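Undergrad: Turn this into a model:
(chains A and B)
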Amino acid sequence: MTFKPEHEIYKRRFGRNVGLGLVLVGFVGVVFGLTVVKVTRVGQVQGFDHVVRPELLPQPGATKP
Amino acid sequence: MSDTQAIGQAGEAGFGDYVALLKPRVMSLVVFTALVGLLVAPSPVHPFVAMASILFIALGAGASGALNMWWDADIDSVMKRTARRPVPSGKVQPGEALGFGLALSGISVVMLALSSNLFAAGLLAFTIFFYAVVYSMWLKRATPQNIVIGGAAGAFPPMIGWAVATGGVSIESLLMFAIIFMWTPPHFWALALFMKEDYHTAGVPMLTVTHGRRATRVHILVYTLLLVPVAIGAAFTSIGGPIYLVTALALNGWFVWGAYRIWRRDEVQAEADKYAVEKSVFRFSLSYLFLHFGAFLAEAALRPYGIGGW
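TA: Residues are numbered from 1 along each chain as shown, chains lettered A, B, ... in the order given. Next comes the predicted model:
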């Protein structure tokens, strides 16, 4: 069994494709990093609507029911 | 020969050609001044947000560079200095450069809005518009004052950096803008004096072509004198301090002396030493800007130790 020979365009555009791939991976990394920073800096929020609900936080001295 | 070979040419664009469309050398100045604007601002910014914001400001600057190269391909092809750029050399098609520039403009503005704030993103959008439309399309071929007004586009990055941190404008950010704005004309006119063939061939109405070389020498001196109070005045704001003041006094004294020497000469003298003075002032003007902003940075860096600032 023989593999179909690779088309020359893959060789010709190899550098360009690798470069674009790295840029896209970098972009994903930046967006992910920004998301982590933004979310962790907001503080305590309820996941559903991103609104702070202090009444949900455990009160000091309160005992579990 | 296959169909793909027919499309692909010997001069096909590589990754580096797309990077060249972003004018990386201009971008490095944008990154530096925007970073200084961000770091000297009174409100601290999370390091990752700062890094991402600077990246998107640089991307926006690169996008405007690509749009400029698309619009100016005809000029670039006749100027020796720019003939090898990706569009005039045929490696990147004009339509590709336009699409690339527009796409990156959109991405950079939206991402800056998400990473920092809407004001900074709006300022970046305006900067791209100013460079690509106001400077490249309207002014560059219409008036010899193109450099003066176009200089505003290069002056916005520290204001955007400041806006990333503070969400607004202040006297400090306006002064950083004014320093680059007033510095641009003498910087470029010094270049135009010794690159005369290029601009003349391209038919760009540079001051040297429209008003003559004597008038350009006078303009360099006048704009340098107007730059001095702006650059030294910044020393007395919240981002200035003794280090900046000493740096600014020395650099401005030197720059005025250089502009005076350019003004004093005529073409015969300049031709005789192959524009040595003009070339040295041009080179010095690069350090001038770098060191002013470096001094702002030094003031901000030393402030926690009680040394920087007043």
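
Undergrad: Only alpha carbons, please: show stretch B:141-150 as PDB.
TA: The C-alpha trace of stretch B:141-150 is given here as PDB (Å, rounded to 0.1, in the frame of the first residue of the first chain):
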ATOM      1  CA  ARG B 141      -1.200  63.500  -0.900                       C
ATOM      2  CA  ALA B 142      -3.000  66.800  -0.300                       C
ATOM      3  CA  THR B 143      -1.000  69.000   2.000                       C
ATOM      4  CA  PRO B 144       2.700  69.500   3.000                       C
ATOM      5  CA  GLN B 145       1.400  69.700   6.500                       C
ATOM      6  CA  ASN B 146       0.600  66.000   6.300                       C
ATOM      7  CA  ILE B 147       3.400  65.100   8.700                       C
ATOM      8  CA  VAL B 148       2.200  67.600  11.300                       C
ATOM      9  CA  ILE B 149      -1.400  66.400  11.400                       C
ATOM     10  CA  GLY B 150      -0.500  62.800  10.700                       C
END
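
Undergrad: Show me which residues of it are buried.
TA: B:141, B:144, B:146-150 (16 or more other CB atoms under 10 Å in any protein chain shown). Every C-beta, even on glycine, is put in place using the N, C-alpha and C of the backbone.

Undergrad: Please list the residues outside that stretch that contact it.
TA: Contacts with stretch B:141-150, where a contact means CB atoms under 8 Å, 6 or more residues apart in numbering or on different chains, come from B:75, B:131, B:134-135, B:139-140, B:184-185, B:188-189, B:203-207, B:209-211, B:223.

Undergrad: Those residues of chain A touching chain B, which are they?
TA: A:7-9, A:12-13, A:15-16, A:18-20, A:30, A:33-34, A:37-38, A:41 (CB under 8 Å from any CB of the partner chain).

Undergrad: ok, 7 Å please
TA: Applying CB under 7 Å from any CB of the partner chain, we find that chain A lies next to chain B at A:7-9, A:12, A:15-16, A:19, A:30, A:33-34, A:37, A:41.

Undergrad: Show me which of these are buried.
TA: Buried members of those, scored by 16+ other CB under 10 Å, are A:16, A:19, A:30, A:34, A:37.

Undergrad: Just these: which are in helices?
TA: Members of those lying in helices (criterion: DSSP state H): A:16, A:19, A:30, A:34, A:37.

Undergrad: possible to save the residues you listed as TSV with pLDDT and distance to residue B:99?
TA: Below are those laid out as TSV (pLDDT from 0 to 100; distance: CB to CB, whole Å):
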residue	pLDDT	distance to residue B:99
A:16	89	16
A:19	93	17
A:30	97	22
A:34	95	26
A:37	93	31
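
Undergrad: Excluding chain neighbours, what is closest to the residue in chain A positioned nearest to chain B?
TA: Here chain A gets closest to chain B at one residue, residue A:19, 3.3 Å apart by CB to the nearest CB. Nearest residue to residue A:19 in three dimensions, chain neighbours excluded: residue B:15, at 3.3 Å (CB to CB, 6 or more residues apart in numbering or on different chains).

Undergrad: Any stretches of the chain with poor pLDDT?
TA: Assuming you mean chain A. The model of chain A has pLDDT under 70 over residues A:1-2, A:42-57, A:62-65.

Undergrad: The chain in question should be chain B.
TA: For chain B, applying pLDDT under 70 flags the ranges B:1-10, B:197.

Undergrad: re the thing from before, for the buried ones among the residues of chain A next to chain B, give me TSV that also has distance to residue B:34.
TA: Output for these, formatted as TSV (distance: CB to CB, whole Å):
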residue	distance to residue B:34
A:16	28
A:19	24
A:30	16
A:34	17
A:37	19
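
Undergrad: Of those, which is the nearest to residue B:290?
TA: residue A:30 (26.9 Å; CB to CB).

Undergrad: Many thanks, I have nothing further to ask.
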